[in-house]
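# let's see this in three dimensions:
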Amino acid sequence: MRRSPRHHRSLLTICAVALALGLTPAAHAATATALIRINQVGYPSSLPKQAFVMSSVDEGGGSFSVVDVATQAAVFTGTVPASAGSWSSTFGFVHTLDFTAVTTPGRYEITVTGAASATSPRFRIGSEAALYKQALANALWFYQTERDGPNYIHSALRAAPAHLNDQTAKTYTTPHVNQSGHFKGDLNPIGTTIDASGGWFDAGDYLKAVETESYTTDMLLAGVRDFPTRMGAGSASSDFTAEARFGVEWLLKMWDDKTGTLFYQVGIGNGNAKTVSDHDIWRLPQADDTYGGTDPNYRYIRRRPVFRAGAAGSPVSPNLAGRDAAAFAMCFQIYRSTAPNLAARCLRAGEHIYDLADTAPSSDLLTLIPFSFYPETEWRDDLELGATELAMAVGAGGLPSGLPHTDPSFYLTKAAHWAQAYITGPGDAGDTLNLYDVSGFAHYDLYRAIEAAGDPAGLEVTRAQLLADVKKQLDGAVAQAATDPFGFGFTWAAWDTTTHGEGLSVMASEYDALTGTSTYADEAIGWLGNILGANAWGSSLIVGDGTVFPNCIHHQIANIAGHLNGTAPVLKGAAVEGPNGTTYQGVVSGMDLCPAGGTDRFGAFNGSGAKFTDDVQSFSTVEPAIDLTATSPLAFAWLSNQP
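Residues are numbered from 1 along each chain as shown. As a prediction, this is how the structure comes out:
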């Protein structure tokens, strides 16, 4: 289950694997092999277009052609440039093929003629909206499949509701655990029950956590608000309005606004010798309510514990307070006309939890049990985001009664303070938009909020400073990309590869929108293309987006109820961890072992310290998660160019 901090094959094997992936390597001699890697979702007509030829020999000076599949005519011909660098000892040359000049919609393939010849998989060129329509719909379907509780959505992967016992869940204090999450003795009950039903399964497991659900809900709400024709009511195929509300309603259940009490986790990942935990068994979620009959070892599978963050009215970990406040504030912004009672409840909750934020944390932030599952360290960005969204909500007017603060400048001042604290703090530009750092989005919205307020004097940060900090993060990614022959802005050999690519694409689009430029247009499409197949493995890292993607993902529902060969039903829209420096093995009883025979379909393409293993056991590379997927619809919406 998801935890995150965070020998060369013969030529015949390489060719066999490549052919199995639908690729067409060719060789002039027994030692010359070339493969072409593309963005498998396709290329927008108006945006930059790049593919990569990965070869065992130098292809520089050869020629490449973009061929119209329908007519078999070459519509563009170019010269293969010098290699951008080596990927591995097998593939010592990676060349970038630029065909931005091709803009006519259609289906194409690329052929390379040089030291080794190659033909790419077929791909589309078309309008942004047409290309990303299915990817957006896939992302929505992923979240609908991850739904827990009575309001599940029936599908080929989901046949029944799950965890109905969560409706009357017992609450507990946080146990003392070791680094792996194991605790001694038994849990300490508080003596109360809450309705903790609903929400999304966190990842391939069935835990639910405010840590990841608040971030996910923030990103989906932003998409609904900012891209109504792509992610909101204006879309017939990818309207996230109800799904974002589903996330908000669960977060409200986990916050007792009357007493000021936060509950932050449902279920336990690791137990002890007398306590079976979520990560110990492999099953469909609907089995849990009666799992093990009356066996006491399975008591926390049948009746999942809910953990309290602290006593009523006590300070709330700032990462959770900030992200929850942002979700509740955006809830008000979006639903104040269509669901006014919900919106009023949201805004009151947002202001109350923000007022309780611990602004001087002295120990680990509160994330999950154990902290090592999600070791978040930055929190100033979360407080910036929460205050920014509250400022925008309060400034929208139509406020409910009983709010502690009704002046938007109160929150704008706080947002600027925390933005400055982030910019001058120890974590500045140490990361980019993902679960562990939301400054890339917080700066974007704060810039807009300050602009809308008329650039009031006296704030601790200016729009120019916010923009400069976003640029600092993006320029760091550009520098990283210069070291990678595929031009990716994040290392391939670390955790959370996929979500970093999505987040970088979003940040690049945001920067260009704020500046009215195309400064990072190449990066916005290029980094997204990297995770959609333009990488060494020739695999999309989002299931169902493209023609080649992992079949054996570390996800119980997909593994048990889905097909394991890439054909429907699969968990469409699920963003997996992606390439990593570490892979894992470990079988859980009930797991449908995949791939059959243990064939490593991508191993021949590992290099530069990075590995990608399409094996259900390898949670470090092919486990999907709600936070990993959260920025993918935003990236697609931005590049659809229809805000």
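# how far away is Pro340 from Asp455?
Distance, Pro340 to Asp455, using C-beta to C-beta, to the nearest Å: 32 Å. For the C-beta atoms, the positions are set from N, CA and C on the backbone; glycine is no exception.
# who has more neighbours, the two?
Neighbour count, other C-beta atoms under 10 Å: between Pro340 and Asp455, Pro340 has more, with 13 against 10.
# for Pro400, see how far away the more buried one is.
8 Å.
# how is this structure partitioned into domains?
Domain ranges of the chain: 7-126+488-643, 164-461, per automatic domain parsing.
# quick one: the last one to chain centroid distance?
Just to be clear, that refers to domain 164-461. 16 Å (C-alpha atoms, centre = their mean, to the nearest Å).
# ok, back up a step: got CSV for the domains of the chain, with distance to His154 and mean pLDDT too?
Formatted as CSV, the domains of the chain follow (distance: least, C-beta to C-beta, whole Å; pLDDT from 0 to 100):
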stretch, distance to His154, mean pLDDT
domain 7-126+488-643, 12, 91
domain 164-461, 12, 97
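# can you put these in TSV and add distance to Leu136?
Converted to TSV, the domains of the chain look like this (distance: least, C-beta to C-beta, whole Å):
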stretch	distance to Leu136
domain 7-126+488-643	5
domain 164-461	4
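# which one of these lies closest to Lys471?
Comparison of these against Lys471 by C-beta to C-beta identifies domain 7-126+488-643 as nearest, at 6.5 Å.
# dump the residue contacts of the closest residue to Phe307 other than its chain neighbours.
Using C-beta to C-beta, 6 or more residues apart in numbering and skipping the chain neighbours, the partner closest in space to Phe307 is Gln265 (4.6 Å). For Gln265, the contact set (C-beta atoms under 8 Å, 6 or more residues apart in numbering) comprises 207-210, 306-307, 368-369.
# let's see that with 10 Å instead.
By C-beta atoms under 10 Å, 6 or more residues apart in numbering, the contact list for Gln265 reads 172, 174, 196, 202, 207-211, 254, 304-309, 366-369, 373.
# could I have the buried ones of those residues as PyMOL selection syntax?
Buried subset of the contacts of Gln265, written as a PyMOL selection, criterion 16 or more other C-beta atoms under 10 Å:
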select buried, resi 172+174+196+202+207+208+209+210+211+254+304+305+306+307+308+309+366+367+368+369+373
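# among the contacts of Gln265, which lie within strands?
Members of the contacts of Gln265 lying in strands (criterion: DSSP state E): 172, 208-209, 306-308.
# and which of the residues you listed is nearest to Gly386?
Ala209 (17.9 Å).
# ok, now how distant is the closest one from Gly126?
Taking C-beta to C-beta, one finds Ala209 at 39 Å from Gly126.
# and for Leu97?
Distance of Leu97 to Gly126, computed by C-beta to C-beta: 19 Å.
# go on, Val248?
The gap separating Val248 from Gly126 is 34 Å, by C-beta to C-beta.
# tell me what the lengthiest strand in the chain is packed against?
Using DSSP E, we find that the single longest strand of the chain is strand 106-113. Helices and strands touching strand 106-113, by 3 or more C-beta pairs under 10 Å, 6 or more residues apart in numbering; DSSP states H and E, are strand 34-37, strand 50-55, strand 63-68, strand 74-79, strand 93-98, strand 118-119, strand 123-126.
# paired strands for it, with orientation please.
In the sheet, strand 106-113 lines up against strand 63-68 (antiparallel), strand 118-119 (antiparallel), strand 123-126 (antiparallel) (DSSP bridges).
# who wins for proximity to Ala84 among these?
strand 63-68 (14.5 Å).
# buried residues, the closest one. List them.
Residues of strand 63-68 classed as buried: 64-68 (neighbour count, 16+ other C-beta under 10 Å).
# for the stretch 401-550 of the chain, which segments count as strands?
Read by DSSP state E, counting those that start in this stretch, the stretch 401-550 of the chain holds no strands at all.
# now the helices: where do they sit in it?
Here the stretch 401-550 of the chain has its helices, by DSSP state H, counting those that start in this stretch, at 408-423, 439-452, 463-481, 497-515, 521-531.
# so after the shortest one, what's the next helix or strand?
Going back to what we said before, that points to helix 521-531. Next helix or strand after helix 521-531 toward the C-terminus (DSSP states H and E): helix 556-561.
# residues near the residue nearest to Ser518 when sequence neighbours are not counted, how many?
Distances taken as C-beta to C-beta, 6+ apart put Asp512 closest to Ser518, at 5.8 Å, once the chain neighbours are dropped. Neighbours of Asp512 under the rule other C-beta under 10 Å: 17.
# what is the neighbour count of Gln179?
Using other C-beta under 10 Å, Gln179 is surrounded by 8 other residues.
# what sits against it?
370-372.
# top of the residues you listed by neighbour count?
Using other C-beta under 10 Å as the neighbour criterion, Pro370 leads the contacts of Gln179 with 20 neighbours.
# once you drop chain neighbours, what's closest to that one?
Of all residues not flanking Pro370 in the chain, Gly181 sits nearest, at 4.0 Å (C-beta to C-beta, 6+ apart).
# just confirm the one you found is within a helix.
No. Read with DSSP: H, G, I helix; E, B strand; the rest coil, Gly181 is coil and lies in no helix.
# that one and Ser372 touch, don't they?
Yes. Using C-beta atoms under 10 Å, Gly181 is in contact with Ser372, at 7.6 Å.
# now the helices for the stretch 151-300 of the chain?
210-226, 241-253, 299-302.
# burial measure for Ala568, as a count.
When neighbours are counted by other C-beta under 10 Å, Ala568 comes out with 10.
# and what of the one 3 residues further on?
When counting by other C-beta under 10 Å, one arrives at 25 neighbours for Leu571.
# quickly find the element holding it.
Per DSSP H and E, there is no helix or strand for Leu571.
# could you check how far the nearest residue to it once chain neighbours are set aside is from Thr168?
Once flanking residues are discounted, Leu571 sits nearest to Ala558: 4.2 Å by C-beta to C-beta, 6+ apart. Using C-beta to C-beta, Ala558 is found at 29 Å from Thr168.
# more crowded one of these two?
Higher neighbour count among Ala558 and Thr168: Ala558, with 27 against 12, using other C-beta under 10 Å.
# sorry, back to before: so what sits against both of Pro340 and Pro400?
Here Pro340 and Pro400 have Phe332 as joint contacts, going by C-beta under 10 Å, 6+ apart.
# quick one: the closest residue in space to Gly92 that isn't next to it in sequence and Ala116, what's the gap?
Distance criterion C-beta to C-beta, 6+ apart; nearest residue to Gly92, sequence neighbours excluded, is Ser86 at 4.5 Å. Distance, Ser86 to Ala116, using C-beta to C-beta: 15 Å.
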